[in-house]
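Asker: Mind folding the following:
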Amino acid sequence: TNCLQFNKEVELDPGNSGASQSRAMVSELLAIKLLKEYAARDLTDALSFEFYPLQGQRQQTTSSANNVSDRSNPLASGAGRISCFEVAIRAQAKRFLAHPVVVQQLEAIWDGTIVFYSAADSLHRSPGYVHRLGAPAFRTPYGTNDNSFPQFDASEPGISILRRLATRYDPRDASLFKLSRLRVPRYRQVLSTLSFAVLLGLFLAVLQQRRLEITSLEIIFWLWSAGFMLDEVVGFNEQGFSLYLMSFWNLFDLGILLLLFCYYCMRIYGAVMPNKDKHAIADQAYDILSATAVFLFPRLFSVLDHYRYFSQLIIAFRIMASDLVAVFVLIVIACSGFFVSFTLSFGNNHSPASIAFSLFQIVMGFTPAAWSFWDEYNLLGRVILTLFLFICHFLVVTMLITVLTNSFTRIVQNSNQEHQFLFAVNTISMVK
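Answerer: Residues are numbered from 1 along each chain as shown. Predicted coordinates for the structure are as follows:
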């Protein structure tokens, strides 16, 4: 928690950014050192148990504090709980998450050795049996005494004490009615991959038919894809905005959701339009649906995240993509002056759209676009065009290669930490 707070202070107080970064690193190292102080079971509780970030603080007793709104009380305001795993992920504590002891806990969660929401398993058991298992309705907040928070009644309206309770899975107590096994990340990934494969098959079948009328196969595809969209919405609601976007494939899911929603709207709109407009609208709808394949097909291979080599490439691709966007913004800024110069001067009679397209071709490496205008420009125009060619083919390309190479090298040097961080994000997001 201190590491996360110090990382925030780096942006809030740039003058003391160096000291804040040092404090964040020291906090992370202290957390790593404390790992050996816990036994295996206690470490599971310490890392997995959800707590209030400000729990344990002293209660204010002044008269002014008594007049403060109940929103300052985390219990009354329904402040969200968070586990140590989630704090480490939000703080980008990659050294902590890559520690062998923490990796062992994450692998146990992934394999289902450590399970959450075990209270759901009591649906097929008698109350007496559940009581013998020792699953309490309320636990004292981990690491605090009984007076850290005021005691309250579970029946009080507006207050919920539901928490994730980490328990060890006992194979001798196996049952088909163990609903908590559905939250095991390994099983969830297998089921979601199979469901996504079915969605992909329906997608190809609907796109192959391209019927003007809405068929039964298309309705099945709508229902299946609606289930996929609902699952993503629920995952976004459970994980939160920051944790949801940390997963690389969730960005693909957002693109899939947006395009599918546009496809639904176009198909429904075309169904109520006159016959003369139905063909055009149906073609546009299927074009939007075909564009979804750009995200759908790569999304199927998200199961390879847990292979170290592939996850390294995925992380590098994401960082290099962001660097590429930044470089292209710089290219647009550099080309803006050349665009105005070639459009408004040198006796050029071409439209701005044709000039912009020619500059884009030159940036992409198609030099004949430059020579097609060579005879139309005067001496000054040819000098400026030659300068633009040098900038595109030497400076821009060299800068782009250097930036992308540095990004990939940085990922390779910290490949273990990056892989374990991605593994932690995927694991915690599935049990959140």
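
Asker: what residues does stretch 309-323 touch?
Answerer: Contacts of stretch 309-323 from elsewhere in the structure, counted by Cβ atoms under 8 Å, 6 or more residues apart in numbering, are 248, 304-305, 403-404, 407-408, 410-412, 415, 418-419, 422-423. C-betas here are computed from N, CA, C, even on glycine.

Asker: Looking at those, which is nearest residue 47?
Answerer: The shortest approach to residue 47 among the contacts of stretch 309-323 belongs to residue 423, at 14.4 Å (Cβ to Cβ).

Asker: And residue 355, how close does it get to residue 94?
Answerer: Computed as Cβ to Cβ, to the nearest Å, the residue 355 to residue 94 distance reads 47 Å.

Asker: residues contacting residue 238?
Answerer: Counting by Cβ under 8 Å, 6+ apart, residue 238 makes contact with residue 432.

Asker: that's a helix at it, yeah?
Answerer: Yes. Under DSSP: H, G, I helix; E, B strand; the rest coil, residue 238 sits within a helix.

Asker: What helix or strand is residue 198 located in?
Answerer: Using DSSP states H and E, residue 198 sits in helix 185-209.

Asker: same check, this time on residue 10
Answerer: Judged by DSSP H and E, residue 10 forms part of helix 2-12.

Asker: got the contact list for that helix?
Answerer: Residues contacting helix 2-12 (Cβ under 8 Å, 6+ apart): 16-17, 20-21, 23-25, 27-28, 31, 87-88, 90-93.

Asker: need the next SSE after that helix, C-terminal direction.
Answerer: Following helix 2-12 toward the C-terminus (DSSP H and E): helix 17-34.

Asker: which residues touch that following helix?
Answerer: Helix 17-34 is touched from outside by 2-3, 6-7, 9-10, 13, 88, 91, 93, 95-96, 99, with contacts defined as Cβ under 8 Å, 6+ apart.

Asker: I'd like to know which of the residues you listed are buried.
Answerer: Neighbour counting over the contacts of helix 17-34 (16 or more other Cβ atoms under 10 Å) leaves 3, 6-7, 9-10, 88, 91, 93, 95-96, 99 as the buried ones.

Asker: got the contact list for the closest residue to residue 195 other than its chain neighbours?
Answerer: Closest residue in space to residue 195, ignoring its immediate chain neighbours: residue 228 at 7.2 Å, by Cβ to Cβ, 6 or more residues apart in numbering. Residues counted as contacts of residue 228 (Cβ under 8 Å, 6+ apart) are 195-196, 199, 256.

Asker: TSV for those, including neighbour count?
Answerer: Below are the contacts of residue 228 laid out as TSV (neighbours: other Cβ atoms under 10 Å):
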residue	neighbour count
195	14
196	18
199	20
256	23
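
Asker: And those, which two are furthest apart?
Answerer: Across the contacts of residue 228, the longest distance by Cβ to Cβ is 13.3 Å; it joins 195 and 256.

Asker: Give me the distance between residue 392 and residue 398.
Answerer: From residue 392 to residue 398 the distance is 11 Å (Cβ to Cβ).

Asker: ugh, wrong one, I meant residue 205
Answerer: For residue 205, the distance to residue 398 - Cβ to Cβ - is 47 Å.

Asker: tell me the contacts of residue 427?
Answerer: Residue 427 touches 106, 109-110, 185, counting by Cβ under 8 Å, 6+ apart.

Asker: ok, and for stretch 320-331, which residues are buried?
Answerer: 320, 323, 327, 331.

Asker: Any regions of the stretch 151-300 of the chain where pLDDT drops low?
Answerer: Regions of the stretch 151-300 of the chain meeting the criterion pLDDT under 70 cover residues 151-165, 170-181.
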